[in-house]
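> Next come a sequence and a model predicted from it.
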Amino acid sequence: MDNQNIAKLTIEEQILHELPTGVVIYDVTGNLVETPYMSNGFYQMLETTREERVKARGGNAMNTVHPNDALGLLAEAHAAIREKRMLDYRYRILNGKGEYIWIGIRANHFPLNDKTERFFTVFYDIDMLVKAQDHGDVLNAILGNVPGGIVVFSDQNGEIQIEYANEGFYEIHHGSKEYWSQQDHNPINWLNKEDANRFKAEFLAVTRRLKQRGNANYRITGEDGQVHWVRNTFCRAYTLNKIQYYYASIVDMDDEMEAIAAMNTATAANKAKNEFLSRMSHDIRTPLNGIIGMTSLAKEETALPKIAGYLHNIDISSKFLLGLINEILDLTRLESNRIDLHPEPYTAEEFSSYMNAVIRPLCVEKEQHLTIEINVPADYYVLQDKICMNRIVFNLLNNAVKYTPEGGNIKYSVSAQVSPDKKKMATHIEVSDNGIGISEEFQKIMFDPFTQEKRNDNSKTNGNGLGLPIVKKLVTAMNGTIKVHSQLALGTTFIIDLLNDCVPAKPVKNIQPKHQESFSVLNGKHILICDDHPLNRKIIELLLNKKGMIVDSAEDGQMALTTFNSTPPNYYDAILMDVRMPVMDGLTATRKIRSLSRVDATTTPIIAMTANVFAEDIADCLNAGMNDHLGKPVDSNLLYETLTKYVK
């Protein structure tokens with residue numbers, strides 16, 4: 001419209017025509033849309049002229065609407081007519097450059113005639129807004145699928161606020177967006193004090209530009225109630241309206257922290273094991289030094305009393321060394337859960353006899369006062385593995401003796417109660433002393449293998465770090481629990497609770513005392529020894545010769561098989577068979593002997609004489625066809641008793 005025609009318009013018409021926004025009158029007849037009026041602002045918005053617009057619409061304004069939006073626009077217009085409401089819609093329209101841009105419209109309408117509805121329409125340009133929003137949707141979709149968390153947070157006068165967080169952020173923090181939005185608005189307050197201070201220190205360093213990036217690992221309690229580890233790496237992003245914004249990436253640290261904890265545990269365990277091996281080297285070398293030294297002195301001595309003294313010291317050192325080796329083997333077996341319990345009735349009288357025979361002499365030696373209190377039902381016997389039970393009590397009381405000064409007090413008390421159904425007995429045991437006590441720190445790891453408390457008292461009393469782990473393993477194997485109460489310089493109390501089967505007590509038979517056995521029945525018996533170690537063969541041969549036995553030797557299983565098979569039937573009264581040997585082991589040799597077609601192949605006693613002493617080792621020997629088992633080092637009396645049981 002030229003200036004002359006504009007001048008003819010009223011003031012209201014001129015304002016309407018020159019408004020910077022677009023104003024259009026649409027006449028809608030069915031699907032036909034005509035435009036009797038379009039303002040100058042409309043043409044400017046679309047970067048076109050009236051002539052170009054008329055040409056583009058070709059008699060129907062819908063021809064300039066994006067094909068994907070046209071039906072929706074018409075449907076919305078007819079709905080506004082039916083519902084007698086304002087038309088509020090956005091769609092894409094063709095501009096003068098041949099491009100579709102986004103516009104929004106708001107329009108009131110009234111009937112022009114029976115067929116046509118007239119819309120007075122205001123247009124506004126929303127192209128940049130929609131495209132920015134679409135870009136944001138795409139960006140959100142990308143960030144939402146990025147592995148890990150992405151966060152934008154602001155620092156407003158020292159208050160941290162989250163401005164944006166993708167889904168990964170909430171997943172790593174193990175909570176929904178709704179859950180975290182209900183928490184404190186400052187996420188630093190989600191952390192415990194230690195982790196919050198660590199994050200604040202990193203944040204302050206970045207804020208003051210002391211470092212470009214901040215890294216903080218922290219723990220957070222998620223919606224699941226569990227504590228999770230998270231790593232937050234952040235940097236400065238931009239400043240807007242004097243507010244500093246930061247970008248941050250969030251990584252789940254649970255697996256990594258578990259791996260670090262496992263590595264630290266393994267490192268500590270390895271350190272403890274190395275310290276243990278160092279102590280074991282010392283503890284093993286000490287009795288060995290005594291054995292070697294006493295042996296050397298005995299070889300050069302001619303006086304029998306002095307030789308007897310040297311041999312006595314050798315015996316003490318040997319038994320100490322054997323006990324140490326047994327403890328190492330016991331722990332190995334328990335660590336591998338290789339333990340078989342053999343419950344049997346254990347009477348109070350029998351246990352008291354053990355205590356007086358084994359524990360009381362240790363206390364007498366240190367002039368300690370030992371109190372034993374046993375309060376158990378007399379009409380029921382508890383079923384326990386006697387060896388395991390004795391080992392538990394001995395280790396605890398031996399420690400009490402060891403770590404209680406001379407003249408100190410040691411107490412052992414046990415009480416028991418039978419269940420209402422008379423099938424179970426609950427046993428409560430307490431071992432207490434007024435010794436040096438155990439520190440709180442060591443109490444946390446005292447049942448771990450190879451650990452030993454470091455003391456500053458220059459004490460010469462040290463254990464090997466095996467006793468308590470063995471006790472713990474044995475108590476656990478017996479389905480029991482063990483606790484400790486201790487204070488340094490005040491003493492220690494161990495508390496054990498067990499629940500075992502029980503049986504009614506039986507009258508005790510009057511057992512005649514056993515007379516000392518002379519083993520005269522062994523005189524003149526033929527024994528075959530099979531052992532690959534010459535010294536072992538020699539020692540056993542000398543022990544057997546002392547009782548008048550006639551001995552043949554073989555250095556491996558094959559030789560034993562050949563020797564046995566080359567003698568007349570029933571020549572050998574017994575065979576002592578080692579297990580681990582070259583050429584042929586003892587188990588194989590036993591099976592082959594038992595399979596021979598000789599009248600004595602299945603009747604000649606074969607007794608294992610081996611260092612393989614675990615329960616499964618004994619079972620293997622019996623399954624191979626052996627009659628009995630002797631563990632090395634061999635006790636001479638037990639050797640004679642076992643042979644006496646089998647020879648005719």
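Structure's in. What do you need?
> Give me the below-cutoff pLDDT ranges for the stretch 451-600 of the chain.
For the stretch 451-600 of the chain, applying pLDDT under 70 flags the ranges 454-465, 507-517.
> show me where it has helices.
467-477, 534-546, 557-565, 586-594 (DSSP state H, counting those that start in this stretch).
> export the ones you listed to CSV and tack on mean neighbour count and distance to His428?
Placement of C-beta: from N, CA and C, glycine included. Formatted as CSV, these follow (neighbours: other C-beta atoms under 10 Å; distance: least, C-beta to C-beta, whole Å):
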stretch, mean neighbour count, distance to His428
helix 467-477, 20, 13
helix 534-546, 15, 46
helix 557-565, 20, 51
helix 586-594, 22, 44
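> Going along the chain, name the strands of the stretch 151-300 of the chain.
Taking DSSP state E, counting those that start in this stretch as the test, the strands found in the stretch 151-300 of the chain are 159-165, 213-221, 227-240, 243-252.
> for the ones you listed, which one sits closest to Leu622?
Between Leu622 and these, the shortest gap by C-beta to C-beta is with strand 227-240, which sits at 52.6 Å.
> The stretch 301-450 of the chain: helices as residue ranges?
For the stretch 301-450 of the chain, the helices defined by DSSP H, counting those that start in this stretch occupy 304-335, 348-354, 360-365, 386-402, 440-443.
> hey, which of these is tucked in deepest?
Neighbour counts (mean count of other C-beta atoms under 10 Å) averaged over each of those peak at helix 386-402, with a mean of 20.
> Need the contact partners of that helix.
330, 339, 341-342, 344, 346, 350-351, 354-355, 358-359, 362-363, 366, 368, 410, 412, 429, 431-433, 435, 461, 463, 467-468, 470-471, 474-475, 477-478, 492, 494, 496 (C-beta atoms under 8 Å, 6 or more residues apart in numbering).
> And stretch 240-257, by the same measure?
Contact with stretch 240-257 is made by 148-156, 163, 168-169, 172-173, 206-207, 217, 228-239, as judged by C-beta under 8 Å, 6+ apart.
> And for stretch 585-596?
With contacts defined as C-beta under 8 Å, 6+ apart, stretch 585-596 is touched by 530, 557-558, 560-561, 564-565, 575, 577-580, 584, 601-602, 604, 606, 608, 610, 620-621, 624-626.
> Quick check: which ranges of the stretch 301-450 of the chain have low pLDDT?
Scanning the stretch 301-450 of the chain for pLDDT under 70 picks out the ranges 320, 323-324, 327-339, 450.
> Flag every buried residue along stretch 177-193.
180, 187-188, 190-191 (16 or more other C-beta atoms under 10 Å).
> confidence score at Tyr100?
pLDDT for Tyr100: 90.
> burial count for the nearest residue to it once chain neighbours are set aside?
Leaving aside its sequence neighbours, Tyr100 sits nearest to Arg92 (C-beta to C-beta, 6 or more residues apart in numbering; 4.1 Å). Neighbour count of Arg92, defined by other C-beta atoms under 10 Å: 20.
> give the contact list for Arg92.
Neighbouring residues of Arg92 by C-beta under 8 Å, 6+ apart: 65-66, 68-69, 100-103.
> what residue is smack in the middle of the protein?
Residue closest to the mean C-alpha point of the chain, counted by C-alpha atoms, centre = their mean, is Ala262 at 7.8 Å.
> ok, that residue to Asp252 distance?
17 Å (C-beta to C-beta, to the nearest Å).
> What of Leu112?
Using C-beta to C-beta, Leu112 is found at 65 Å from Asp252.
> Export the helices of the stretch 451-600 of the chain to CSV and append columns for distance to Ala80.
Listed next are those as CSV, based on distance: least, C-beta to C-beta, whole Å:
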stretch, distance to Ala80
helix 467-477, 80
helix 534-546, 109
helix 557-565, 105
helix 586-594, 99
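> Count the neighbours of the nearest residue to Gln558 once chain neighbours are set aside for me.
Nearest non-adjacent residue to Gln558, counting by C-beta to C-beta, 6+ apart: Met584, 4.2 Å away. By the criterion of other C-beta under 10 Å, Met584 has 16 neighbours.
> my guess is Leu490 contacts Asn434, does it?
Yes - shown here, Leu490 and Asn434 form a contact pair, counting by C-beta atoms under 8 Å, at 7.1 Å.
> Return the distance of stretch 252-272 from the chain's centre.
Here stretch 252-272 is found 10 Å from its chain centre; the criterion is C-alpha atoms, centre = their mean, to the nearest Å.
> then that stretch to PDB, C-alphas only?
Output in PDB follows, covering the C-alpha atoms of stretch 252-272 (Å, rounded to 0.1, in the frame of the first residue of the first chain):
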ATOM      1  CA  ASP A 252      30.000 -44.400  39.000                       C
ATOM      2  CA  MET A 253      32.900 -45.400  41.300                       C
ATOM      3  CA  ASP A 254      31.300 -48.400  43.100                       C
ATOM      4  CA  ASP A 255      33.200 -51.100  41.100                       C
ATOM      5  CA  GLU A 256      36.400 -49.200  41.200                       C
ATOM      6  CA  MET A 257      36.200 -48.500  44.900                       C
ATOM      7  CA  GLU A 258      35.400 -52.200  45.500                       C
ATOM      8  CA  ALA A 259      38.500 -53.100  43.500                       C
ATOM      9  CA  ILE A 260      40.600 -50.700  45.400                       C
ATOM     10  CA  ALA A 261      39.300 -52.000  48.700                       C
ATOM     11  CA  ALA A 262      40.000 -55.600  47.500                       C
ATOM     12  CA  MET A 263      43.500 -54.600  46.500                       C
ATOM     13  CA  ASN A 264      44.100 -52.900  49.800                       C
ATOM     14  CA  THR A 265      42.800 -56.000  51.600                       C
ATOM     15  CA  ALA A 266      45.100 -58.200  49.500                       C
ATOM     16  CA  THR A 267      48.100 -55.900  50.100                       C
ATOM     17  CA  ALA A 268      47.400 -56.000  53.900                       C
ATOM     18  CA  ALA A 269      47.000 -59.800  53.800                       C
ATOM     19  CA  ASN A 270      50.200 -60.200  51.800                       C
ATOM     20  CA  LYS A 271      52.000 -57.900  54.300                       C
ATOM     21  CA  ALA A 272      50.600 -59.900  57.200                       C
END
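> What average pLDDT does that stretch get?
The average pLDDT for stretch 252-272 rounds to 82.
> just to revisit the earlier point, compare Leu490 and Asn434 (neighbour count), which wins?
Shown here are Leu490 and Asn434; by other C-beta under 10 Å, Asn434 has more neighbours (18 against 12).
> which one is that one nearest to, not counting chain neighbours?
Distances taken as C-beta to C-beta, 6+ apart place Gly491 nearest to Asn434, at 4.1 Å, with adjacent residues excluded.
> Around the one you found, count how many other residues there are.
By other C-beta under 10 Å, 22 other residues sit near Gly491.
> hang on, it packs against Gly435?
Yes - applying C-beta under 8 Å, one finds Gly491 in contact with Gly435, separated by 5.5 Å.
> Name the residues contacting each of these two.
Common neighbours of Gly491 and Gly435, counting by C-beta under 8 Å, 6+ apart, are Thr404.
> For Ile410, list the residues it contacts.
Counted by C-beta under 8 Å, 6+ apart, Ile410 has contacts 363, 368-371, 397, 400-401, 404, 431-433.
> separation between it and Ser432?
7 Å.
> Likewise for Cys530?
Per C-beta to C-beta, Cys530 is found 51 Å from Ser432.
> Neighbour count: these two, which is higher?
A count of neighbours by other C-beta under 10 Å puts Cys530 above the other of Cys530 and Ser432, at 29 against 21.
> need the contact list for the more buried one.
The contact partners of Cys530, taken as C-beta under 8 Å, 6+ apart, are 553-557, 559-560, 575-578, 581, 586, 589.
> Same check on Met584?
Met584 neighbours (C-beta under 8 Å, 6+ apart): 556-558, 561, 592.
> rerun at 7 Å
The contact partners of Met584, taken as C-beta atoms under 7 Å, 6 or more residues apart in numbering, are 556-558.
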